[in-house]
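>>> Next come a sequence and a model predicted from it.
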Amino acid sequence: MAKQYGFYFDSSACMGCKACQVACKDKNDLPVGMNWRRVTQYGNGNWVPQGKFLVPNGTFVYSLSIACNHCENAACVNVCPTGAMTKRSDGVVLVNQDQCLGCRYCEWACPYGAPQFNEAKGVMTKCNFCQDLLAQGQNPACVDACPMRAIEFGDIAELRAKYGNMNAIEPLPTANITNPHLVITPHRHAQASGKGTGKILDLVQGG
Amino acid sequence: MSENNFLTNALTDTLISRRSFLKWSTALGGAAMVAGSGASSGLQRVAEASTAPAVGNWVTAACWHNCGGRCLLKAQVVDGVVTRVKTDDTHADSPDNPQQRACARGRAQRQLVFGADRLKYPMKRKNWAPGGGNKELRGRDEWVRISWDEALDIVASEVKRIREKYGMASIFDAVGSSEVGRALAITGGVVNRWGSVSWGTWAEAYHEITGVPGNGNDANNDRIRMRQAKLIVMWGVNSAWSSNGSPTYNYLQAKKAGAKFIFVDPMYGNTASVLADQWIPIRPGTDTAMLLGMAHHLITNKLQDQAFLDKYTTGFDKDHMPVGADPKNNFTDYILGTYDNTPKTPEWASEICGVPPATIRQLASEIAMTHPTQINTAGAPARINNGECLPHSMLTFAWMTGNVGTIGSGCGPSMHTAASNPGPALVTPGAAGDPAVTNPISKAVISQGAVNAINNGEMWEAVLNGKYTAGSEGKKDINIQMIVSTGFGAPLNQRMGATKGIKAHRKVEFVLADGLNLASHCKYADVVLPVTTTWERDGSFQTGNRDMLIWTSKVVEPQYEAKDDIWIAREIAKRLGADPDKIYLASTMQRVFNQLAGAKVMKTDGSGMETLVTITDDDIKAMGVTGKPQQGRISVQEFQDKGVYQVTRSANDKLGYTAFEGFINDPVKNKLATKSGKLEIYCEAVSNWVKTVGFNTKDPLPKYDPPIEGYEETLKDPRFPLQLYTIHYMRRSHSSFDNLQWLRELYPQEFFMNPVDAEPRGLKEGNIVLITSRHGKVIRPLHITDRIMPGVTTLGEGAWIDIDEATGIDRGGATNTLGGDYPTGQGHSGHNTVIVQVEKYNGTLQPDVKWAQRIPLKGV
């Protein structure tokens, strides 16, 4: 079987600090609005009376850090009208900006928000697995950045052998859309995609 | 292939699970919203991302901030431009010997050093004139570029003029012991600031109660021994935001080793999200009441470790009181209410702290019956007005359970650079070798009363009204006519009572500031001097994590006309007629060398320190310094290349640490430096200390004293029914980093509130809300969350004050705009006791990331 790179993410260890996200921005000089790796938090809980006190009931919070999952059935590749979005022999999905028209179909199609539009250049951008570092035998920037050691990468078969096949916890989409090359160790409170009782906890601004 | 099927596939695939698709997309809401903003990274120059890796040198670049983390950062320099940063890869990573990995702030540091909003040139306020000119324009005026000579001449002439007119005690070093303050000290003197900002009441109470010097940051186990704890209580600790870097990873190792984690905190923070087995929400400022209720449960159920108390403590009951003390004033009788008719029952405590009595009993029992238990706290619960009894009651409770001095047990503030890993430093730098400077007019030795030294809690009041508290002698007159805000500290933004601070800045005749950018203390100054970052300096040593010492190197030349603080201080000293060599060594490289040559490392058998660095004649020649060759563990070259020396640790090595181990093993031979030689539940020393400081009094016992602007006042003052406490927020290290676009994008400085409080006010997620206190008003976007306790709100400390001149409202959301200046106890700052009201704001507020950068000089 051909090599296929994928990411491993340990949701049980992630503290949601976004070091990976900024390391990615720094490595790739990403302006505001472009985040090839994205950290978010999911959870819920409510407050119920206990005598005359209100006490928390079922509070849970967990964090996710997701880049591009370089999917088996990559929606971005499938919808690209120009062939700019391609899957390399090692499974890394890349966008050729010279061929990209900036139609943003891939952005619309990807359920992970991986392809991101560069307004200034009018073309798509995305996580390229730090291909320059990979070529030098180094790790992607996000992997080496994590203070909690929650991100790894490698051949997806090896990652699955080591960590199992979990690849979809809330608020990620169900895996059947694109078959992501992602392995997740679920947080102790993680909920299966599509069956969650929580919500995304980051500020929704502009209300 | 994609041309043929792209539309079909897109439709089919996305319809399969549109619901789960959309959910994740909302996580990108913030990013998607700003994507169209003509986004820039806010850098002066940004190298294009390239598929060919840039070739350059990796230089150890300081992450020099006061965040509590201590991490290794390296900058890749290509043709004099820093193209990216990376973190520690100097050794193989393992839980015992972790790489010191940097956080989001460290990773964003290019934007700080090379930001378009860096101060480039010395500046003066357009309408400044000797004596101040139009002083009301401070904070509103335009800026004019001036030369270094003109700037330094203005500073020197204003110092001389003000000293002649008002005397030596007229210049206030609002930072306290700044570099420029040294220049002022040797030329006649300067009024200093004093008082703990971060550590709450631990800063002095711990020393008096235990006899151990310091603030209690070494009161627990080092990170490896901590793994032997069966229970770890995190009382007001959120290391994921307060001490990012390695600490939370260290706690995770304790969790993996089997420790149960209980969090006592008004908020279910990010650290709790990783570690918590139980969350006990508690109202800010009421922890002492809860601890006393827990003590009551132990006493009435005879769950206390009486043998421990009898052997190691004084004051627990009438039979163990110090000679001369009123035997009725013992802890047990206070708890039982024998003489004050108020038993400190869990029911009594619960009314105050908001924790149900059953939970108070459960936590008390669990700690009493679990050995070893480690109680980690931080400055936060003690960072309150009238907080003197918090450290005392927490330590007393831990002693009642016997959880002190045995491996895996302990109690104290595990915070800042010692978070998760306390103990004596295993690697230390030498002294820089600067001469000692004496300030002839100012003394902050509080045991004798302050002289020409002003406490945090009344500094702006003293400037405005000419009085300060001089210990038990009471108030004395002072006439401050110049404020110096140079070096470390950002006092206007970071001391309480900032609204009063702005008035104080507009009252005096001259305000001098320096900085990297136009942060609040610079914005309200007359003359602003641009300083270099540590990246632009000859080198520095970063300490605090006991396992290692970081040696950083110069990454780039000083940006524009920025100069380092030492150069500035020396130039001011010269202009005031003093020999600059009397305050700092002339050669900054010599300072680096001295610290390098004096660096020590613990021997592997733990028996003492030995020389760290081998230095040759060639090294000395290369550095251009004077010194002697020496033999150590590693070469200069190796140390500089790696940028860090980290001691190798393992579970059974000789470098572990447990506080009070010697005392517990032999309390006679290793008696403590308290009056009784024991741990003092009845402590006259702390009581006397507070009395001498002169703000209020403290009983020798730990008793509950309701804080000013605490929960009780929300019941009495219907204008302000909500509590506000102020958290460390990942966008910043205090006020540093607040201006970075990458961090503004990810951390919007939202105001946190429970739905129980938001709904009756008609507030919705993302609304702009007006938060009003007795002291000021701010507006912020609202985040409604079940993660915070009802009745309690929070906001990250350190945002830059941004006053809307039309309304007087602070748009930036600086917590010190809301917090009042109340000097209490030992003169610490009570940042976590503020009461507020919240309402919908009928106006707009752009997300911070869309704000224009503060660029004071256009077109230069």
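Cool, got the structure.

>>> B:M496 against B:H831, yeah?
Yes. Counting by CB atoms under 8 Å, B:M496 touches B:H831, with 6.5 Å between them. Yep, even glycine has a C-beta here, placed from its N, CA and C like the rest.

>>> Who are the contact partners of the nearest residue in space to B:D317 that is not next to it in sequence?
Among residues not flanking B:D317 along the chain, B:T332 sits closest, at 4.3 Å (CB to CB, 6 or more residues apart in numbering or on different chains). Residues in contact with B:T332 (CB atoms under 8 Å, 6 or more residues apart in numbering or on different chains) are B:I299, B:F316, B:D317, B:K318.

>>> Which ones among those lie within helices?
Secondary structure from DSSP state H places B:I299 of those in helices.

>>> Closest one of the contacts of B:T332 to chain A?
B:I299 (23.2 Å; CB to the nearest CB).

>>> isn't the closest one right up against B:G337?
No. If you go by CB under 8 Å, B:I299 and B:G337 don't touch, sitting 11.2 Å apart.

>>> how far out from the middle of the chain is stretch B:385-398?
Centroid separation between stretch B:385-398 and its chain, computed with CA atoms, centre = their mean, to the nearest Å, is 20 Å.

>>> Stretch B:260-270 now?
For stretch B:260-270, the distance to the chain centre is 19 Å (CA atoms, centre = their mean).

>>> What separation do you get for the closest residue to chain A within chain B and B:T817?
In chain B, the residue that lies nearest chain A is B:G766 (2.4 Å; CB to the nearest CB). Distance of B:G766 to B:T817, given as CB to CB, to the nearest Å: 22 Å.

>>> higher neighbour count, these two?
B:T817 (27 against 18; other CB atoms under 10 Å in any protein chain shown).

>>> mind listing what the more buried one touches?
Here B:T817 is in contact with B:A498, B:T499, B:H775, B:G776, B:K777, B:V778, B:I801, B:D810 (CB under 8 Å, 6+ apart).

>>> could I get those as CSV with pLDDT, distance to chain A and secondary structure?
Below are the contacts of B:T817 laid out as CSV (pLDDT from 0 to 100; distance: CB to the nearest CB, whole Å; DSSP: H, G, I helix; E, B strand; the rest coil):
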residue, pLDDT, distance to chain A, secondary structure
B:A498, 97, 24, helix
B:T499, 96, 26, helix
B:H775, 98, 25, coil
B:G776, 98, 23, coil
B:K777, 98, 20, strand
B:V778, 98, 16, strand
B:I801, 98, 21, coil
B:D810, 98, 19, strand
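
>>> Reformat the contacts of B:T332 into a markdown table and put distance to B:H65 and pLDDT next to each item.
Converted to a markdown table, the contacts of B:T332 look like this (distance: CB to CB, whole Å; pLDDT from 0 to 100):
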| residue | distance to B:H65 | pLDDT |
| --- | --- | --- |
| B:I299 | 44 | 98 |
| B:F316 | 42 | 98 |
| B:D317 | 47 | 98 |
| B:K318 | 50 | 97 |
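
>>> what does the stretch 651-800 of chain B have sitting close to chain A?
Within the stretch 651-800 of chain B, the positions near chain A by CB under 8 Å from any CB of the partner chain are B:730, B:741-748, B:750, B:754-756, B:764-767, B:781-783, B:785-787, B:790.

>>> could you redo the last one with a cut-off of 7 Å?
B:730, B:741-742, B:745-746, B:748, B:750, B:756, B:764-767, B:781, B:783, B:785-787, B:790 (CB under 7 Å from any CB of the partner chain).

>>> Just confirm B:G200 contacts B:H828, I think it does.
Yes. If you go by CB atoms under 7 Å, B:G200 and B:H828 touch, sitting 5.3 Å apart.

>>> Residues that sit against both of those two, list them.
Common contacts of B:G200 and B:H828, defined by CB atoms under 7 Å, 6 or more residues apart in numbering or on different chains, comprise B:R383, B:G387.

>>> burial of B:T611, as a residue count?
B:T611 - counted by other CB under 10 Å - has 16 other residues nearby.

>>> Now do the strands in the stretch 101-250 of chain B.
In the stretch 101-250 of chain B, the segments counted as strands under DSSP state E, counting those that start in this stretch are B:123-125, B:143-145, B:171-173, B:191-194, B:231-235.

>>> got the phi/psi numbers for the most centrally placed residue in chain A?
Of all residues in chain A, the one closest to the mean position by CA atoms, centre = their mean is A:I66, 1.7 Å from it. Main-chain torsions, A:I66, degrees, to the nearest 10: phi -130, psi 130.

>>> what does A:P49 give?
Here A:P49 shows phi and psi, under degrees, to the nearest 10, equal to phi -70, psi 140.

>>> Report the beta-bridge partner residues of it.
Beta-bridge pairing of A:P49 under DSSP bridges involves A:L54.

>>> how near is it to B:P281?
14 Å.

>>> which one of these two has more residues nearby?
Neighbours per residue (other CB under 10 Å) separate A:P49 from B:P281, with B:P281 holding more: 27 against 9.

>>> show me what contacts the more buried one?
A:P56, B:D265, B:P266, B:M789.

>>> Among those, name the buried ones.
A:P56, B:D265, B:P266, B:M789 (16 or more other CB atoms under 10 Å in any protein chain shown).

>>> can I get these in TSV with secondary structure?
Listed next are those as TSV, based on DSSP: H, G, I helix; E, B strand; the rest coil:
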residue	secondary structure
A:P56	strand
B:D265	coil
B:P266	coil
B:M789	coil
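
>>> Secondary structure class of the residue nearest to B:D317, three-state.
Classified using three-state DSSP, B:T332 is helix.

>>> What residues are bridge-paired with the residue nearest to the centre of chain A?
In beta-bridge terms (that is, DSSP bridges), A:I66 pairs with A:R38.

>>> Pass me the low-pLDDT residue ranges in the chain, would you?
Defaulting to chain A. Along chain A, the parts satisfying pLDDT under 70 run over A:1, A:206-207.

>>> Sorry, I should have been clearer: chain B.
Short version for chain B, where the test is pLDDT under 70: B:1-55, B:444-448.

>>> Going by length in residues, pull out the top helix of it.
Counting by DSSP H, the longest helix found in chain B is helix B:148-166.

>>> and it, how far out from the chain's middle?
Taking mean C-alpha positions (CA atoms, centre = their mean), helix B:148-166 and its chain are 33 Å apart.

>>> And for stretch B:470-479?
29 Å.

>>> just stretch B:604-613 next, same as before
So, by CA atoms, centre = their mean, the centroid of stretch B:604-613 is 31 Å from its chain's centroid.

>>> What are the buried residues along it?
B:T611, B:L612, B:V613.

>>> my read: the first one touches B:Q630, true?
Yes. Look at B:T611 against B:Q630 with CB under 7 Å: they come within range, at 5.9 Å.

>>> so where do the helices sit in chain A?
Ranges of helices in chain A, per DSSP H, are A:19-28, A:75-79, A:105-109, A:131-135, A:141-145, A:156-163.

>>> Which strands or helices does the third one pack on?
When contacts are defined as 3 or more CB pairs under 7 Å, 6 or more residues apart in numbering or on different chains; DSSP states H and E, helix A:105-109 packs onto helix A:75-79, helix B:2-16.

>>> what's the neighbour count on the residue nearest to B:D804 when sequence neighbours are not counted?
Distances taken as CB to CB, 6+ apart place B:R811 nearest to B:D804, at 5.6 Å, with adjacent residues excluded. By other CB under 10 Å, 21 other residues sit near B:R811.
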